[in-house]
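**Q** this one's sequence-less:
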Ligand SMILES: C[S@@+](CC[C@H](N)C(=O)[O-])C[C@H]1O[C@@H](n2cnc3c(N)ncnc32)[C@H](O)[C@@H]1O
């Protein structure tokens, strides 16, 4: 049986148990995310990454740094938006938001959850962006999508994020962190946490330049989870 056929019983259980096969084509991952949303059948508690609030790391950055870097009403893309909490937060701040996800079920669900903002949400694949999303945004917000796919997919995903941006556009990327002493090989995700150096290299190889050093901090969970936040800029030469 193919990995996908085997997983349709419960993708969430396989993800939670760490028993999911990692070394599969990138398209299989898109089907897996779709399966998680479909299996959840409208119950947010069954979507492991849904916290019913915008990412605290993204919110902190938007409060502290974004006003000095972005004009009011700037165009913002929310990548892999899931159920839409980050997108709604940004739209309520007055930004011109487009939020997309590869999962049709996630997008339909986000529209139902946020009817006032339903027109923000669309289905799109970061790995195969339509022309209307390319080189259009002043800011790309990436919360936990780079870390959700295996390390072999990082370069393609980061390339897609860079393609969203206008010249001078900024990406804020939020991911789990891990120590330099924890080997990349054999990580059993998702998530697949980054070291600060890996996150910096992934974004730099996509042609982006650092605005700040990658920020590493422990969150408020008990026990705390190490988090990274990277802010990079597209600077075409
Ligand atoms: C771990 S979830 C995070 C969702 C959301 N950002 C959040 O923090 O709640 C990763 C999301 O990325 C989406 N995704 C995965 N691959 C994608 C792709 N190639 N293009 C667009 N979205 C993708 C998944 O469907 C999923 O919603």
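**A** Arrived safely. Note that the structure is predicted; figures quoted are calculated from it, not measured.
**Q** Show me what the longest helix along the chain packs onto, helices and strands only.
**A** Secondary structure of the chain per DSSP state H: the longest helix is helix 26-40. Applying 3 or more CB pairs under 8 Å, 6 or more residues apart in numbering; DSSP states H and E, we find helix 26-40 packed against helix 3-7, helix 11-17, helix 104-113. C-beta coordinates here come from the backbone N, C-alpha and C atoms, glycine included.
**Q** For the helix or strand following the longest one, which strands pair with it and how are they oriented?
**A** Going back to what we said before, that points to helix 104-113. As assigned by DSSP states H and E, the chain's next helix or strand after helix 104-113 is strand 121-123. If you go by DSSP bridges, strand 121-123 pairs up with strand 96-101 (parallel).
**Q** Could you pull up the residues touching the spatially most central residue of the chain?
**A** Geometric centre of the chain, nearest residue: residue 145, 2.8 Å, by CA atoms, centre = their mean. Residue 145 makes contacts with 79-80, 126, 157, as judged by CB atoms under 8 Å, 6 or more residues apart in numbering.
**Q** Residue 113 reaches residue 84, doesn't it?
**A** Yes - using CB atoms under 8 Å as the test, residue 113 is close enough to residue 84 to be in contact (6.3 Å).
**Q** Who has more neighbours out of those two?
**A** Neighbour count, other CB atoms under 10 Å: between residue 113 and residue 84, residue 84 has more, with 27 against 18.
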